[in-house]
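*Asks:* one predicted model, sequence on top.
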Amino acid sequence: MSRKALITLIAILVAAFAAIGIAICFLYAGTGDGSASDRSAGLPSVLKVVPSDASLVAYGKVGCICPFDDDIFDGLKRHDMSISMHHSGKLQTLYAFDVRRADKEQIDAITGYLVSEGYVCEVEDDMLISSRSANLLKSAVRHLQEGVSIKDVASFMRAFESAEGKNSLFLSAAHARRLLSSGFTSKVLSRSAFISKVADWCALDIDDSMPLGFEGSLIYDGEPDEFATALQTCTPGICSVADYLPSYTLFALSLPMSDHAEYRKGYSTFADSRGKLESMRLKQTKLEGRYSLSPEDFFQQLGLKELAAAVMYIGGKKEKVILMHIDSRKPELIFRDASIKTLRGYVPVVHEWKYSGFLASVYGDFFALDDESCFTYMDGWLIVGSRRAIDEYVTKDALHYTLAEYASHAGRKDILSAGPALAVAYFSFTAEKERINYYVNQGFLDGLRDYVGQAQYTPAVLYLSRTDDRMEVSAAIEGLELSRLKAPVSDRGDSLVNVPKGPFKVINSRTGKVNSFYQNKHMSLCLRDENGKDLWGVPFDKPICGTAGNVDCYKNGKLQILFGAGSQLYIIDVLGRYVNGYPVDLRNEILIGPQVYDFSSDRNYSLMVLHKDNTVQMYDLRGKKIASWKTISVKGQTIKAMPSLLEVGQDRYWVVRTSIQTLIYPANGGRPLTDFKDDMMIMPDSEIIITEDMNVEVTCYDGKTRQVTLK
């Protein structure tokens, strides 16, 4: 099994969850001054070469954790190796292989392979040591010769001794932000500063049966300034919040402990050790004076069984909600409204949340909301958030297709409830595909796809639990396929459309070569030749609309470049000169376009444009609507991209992808030919396959593949 990028991916997963609130996942803080050297007697040699500033260390058999070509390293599969990551301007990786039982031919072959891949290598003390950084390699060899290494970090040794598996991963929380920076954007990094203050190392065993999975145990001193201490007396419970989260949930964190009073007590001790208890108590006192009820008493009376925070997008806007599973059935406590006497027959509506500030004052800032103005009550759950978010629950749009139901269609109904837990964290890499780059760097996503491919559903889940006096953690990223889906009842205001930024490939008719037309950061229009040389740049004052293509507007064999900006069409020649008679105004703002078609091959062009008003129009080169064209418009759904041309035999059709479904239109637009209902709607990302009998094959929400006759 290929292990390319495995270690980095797992480490970033751990760090990511830590950055968003699970500091409890990390180990004993501080390097200490214990006799690390006494404990290092059994330390494998491939770990003794690792410098002490490692952010991450992986140790195991070559066959399991080696990220290189399996054939080259086949002879070492039963040997030990280590992988470590260090920060020297940027993250650098160090590899160490035990080659004591390898012959010279094997070592030469491996060294030759590594050098061909851009690595530098040295053999020292029966180890082949390699890195792309010559400085890191020299440092490792020098440290090895001087007898100084990661073995001198007492907390690492403690972590090493706690590992149970043959293949283990050790993550330095103190350096977790460096790992985060290689995979996540500043939106995540801005929340991760606290990691280095609360932990040092985490020891995990790599789950060889799952490409991106691990499990392990947590070790901590039990000091009050360690967050894990707040959990050591808590009793794990079963997480049930997935039944009250929508399928499109981006992130969720749940504390399903059966006794939240015990947790609140431990959290207060932790806050006191951090010097925050006094300000926390002050907030609670002010709230008690305002509401004649202390926040602590409020949550005690509620009988809180599970507390969760979730992030989702509604109407194109990020929303965070808090969900509380409670025992209390006292309407006077829940609603603070004398008109509601009983919960019997209660129908959820939007109420004013009259306990503003209570959550953050007791459970910390992670459970604070920018807008906690509203709430509703559903079957023992309080759901708090903005009016927009609570409206989504009250109208049942949020629960039309729950996360539990969605995961069950991927064979993972118990995705958040696999066993008793103190904390459960969830992140979906596929819930918001068009926004995932707000949080995750493209390089990380590309590495992830090496494992999950184009999986329909890619969740990451982390569990923290406790057995007797042992803290346990497990986590995995899975690439799952869905047996079916439930068609949405609305697009949730999903109006985000990704407009291509270029560069755009165009033909330079002077040379016959393919050039790149692009807009620089100053909005100037530029042409770059096939060798990467900029030919010219001309000033421009607004962004172009996602396309650029060739036209021969004089029909003389000389090609120009057509593009759109604002509501206008522009033509510029390959020397950077604007063509007379342009721009022409379409009198409707362009979102994407124009896309150029020459159906009759006579240079009487048809120009397709997706407008900002969610309509698709067809124009001629002078910006006049083509008489035979009928406007394409989809009510209640957003057209997510420029329609694509589908040719079936001699017939032409247009494939339109919306925020809910795929529609197929005739050549002249108008009404769709495939306007199916409910779970028979065509999936937004369905392939369109032309069959031998000139029909098309599509995939619908119910998971079935259907043939559609378009004529």
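*Replies:* Thanks, I have it.
*Asks:* specify the beta-bridge partners of the closest residue to residue 686 other than its chain neighbours.
*Replies:* By the measure of C-beta to C-beta, 6 or more residues apart in numbering, the closest residue to residue 686 outside its immediate chain neighbours is residue 699, 4.3 Å from it. C-beta: built from backbone N, CA, C; applies to glycine. Counting by DSSP bridges, residue 699 is bridged to residue 705.
*Asks:* for residue 55, see how far away residue 699 is.
*Replies:* Distance from residue 699 to residue 55, counting by C-beta to C-beta, to the nearest Å: 43 Å.
*Asks:* and residue 105, by the same measure?
*Replies:* From residue 105 to residue 55 the distance is 35 Å (C-beta to C-beta).
*Asks:* those two - which one has more neighbours?
*Replies:* For residue 105 versus residue 55, neighbours defined as other C-beta atoms under 10 Å are more numerous around residue 55 (23 against 9).
*Asks:* the closest residue to that one other than its chain neighbours: how many residues sit nearby?
*Replies:* Nearest non-adjacent residue to residue 55, counting by C-beta to C-beta, 6+ apart: residue 175, 3.6 Å away. Residue 175 has 23 neighbouring residues, counting by other C-beta under 10 Å.
*Asks:* now residue 377
*Replies:* 21.
*Asks:* how would you label it: helix, strand or coil?
*Replies:* Secondary structure, DSSP: H, G, I helix; E, B strand; the rest coil: residue 377 is strand.
*Asks:* can you pull the pLDDT of it?
*Replies:* Looking at residue 377, its pLDDT stands at 96.
*Asks:* which residues touch it?
*Replies:* By C-beta atoms under 8 Å, 6 or more residues apart in numbering, residue 377 lies in contact with 334, 335, 343, 346, 348, 351, 383.
*Asks:* repeat for residue 527
*Replies:* Counted by C-beta under 8 Å, 6+ apart, residue 527 has contacts 506, 508, 515, 516, 517, 534, 535, 536, 537, 561, 574, 576.
*Asks:* please pick the buried ones from these.
*Replies:* Neighbour-count burial (16 or more other C-beta atoms under 10 Å) applied to these gives 506, 508, 515, 516, 517, 535, 537, 561, 574.
*Asks:* count of neighbours near residue 402?
*Replies:* Using other C-beta under 10 Å: residue 402 sits among 19 other residues.
*Asks:* cool, residue 707 as well?
*Replies:* 11.
*Asks:* and residue 468, by the same measure?
*Replies:* 4.
*Asks:* next one: it, what pLDDT does it get?
*Replies:* So residue 468 comes in at 70 (pLDDT).
*Asks:* before we move on, what about residue 322?
*Replies:* Reading off the model, residue 322 has pLDDT 97.
*Asks:* check the one 5 residues further on too.
*Replies:* Looking at residue 327, its pLDDT reads 93.
*Asks:* quick one on the thing from earlier: reformat the contacts of residue 527 as JSON lines; add distance to residue 442, secondary structure and pLDDT.
*Replies:* Output for the contacts of residue 527, formatted as JSON lines (distance: C-beta to C-beta, whole Å; DSSP: H, G, I helix; E, B strand; the rest coil; pLDDT from 0 to 100):
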{"residue": "506", "distance to residue 442": "25", "secondary structure": "strand", "pLDDT": "97"}
{"residue": "508", "distance to residue 442": "29", "secondary structure": "strand", "pLDDT": "96"}
{"residue": "515", "distance to residue 442": "25", "secondary structure": "strand", "pLDDT": "97"}
{"residue": "516", "distance to residue 442": "20", "secondary structure": "strand", "pLDDT": "97"}
{"residue": "517", "distance to residue 442": "23", "secondary structure": "strand", "pLDDT": "98"}
{"residue": "534", "distance to residue 442": "25", "secondary structure": "strand", "pLDDT": "96"}
{"residue": "535", "distance to residue 442": "28", "secondary structure": "strand", "pLDDT": "97"}
{"residue": "536", "distance to residue 442": "30", "secondary structure": "strand", "pLDDT": "97"}
{"residue": "537", "distance to residue 442": "27", "secondary structure": "strand", "pLDDT": "96"}
{"residue": "561", "distance to residue 442": "28", "secondary structure": "strand", "pLDDT": "98"}
{"residue": "574", "distance to residue 442": "31", "secondary structure": "coil", "pLDDT": "95"}
{"residue": "576", "distance to residue 442": "31", "secondary structure": "coil", "pLDDT": "96"}
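*Asks:* ok, so of the residues you listed, who is nearest residue 459?
*Replies:* Within the contacts of residue 527, the smallest distance to residue 459 is 37.9 Å, found for residue 516 (C-beta to C-beta).
*Asks:* closest to residue 644 out of the contacts of residue 527?
*Replies:* For the contacts of residue 527, the nearest to residue 644 is residue 506 (19.7 Å; C-beta to C-beta).
*Asks:* list the contacts for the closest one?
*Replies:* Taking C-beta under 8 Å, 6+ apart, one finds 514, 515, 516, 517, 527, 548, 549, 550, 559, 561 in contact with residue 506.
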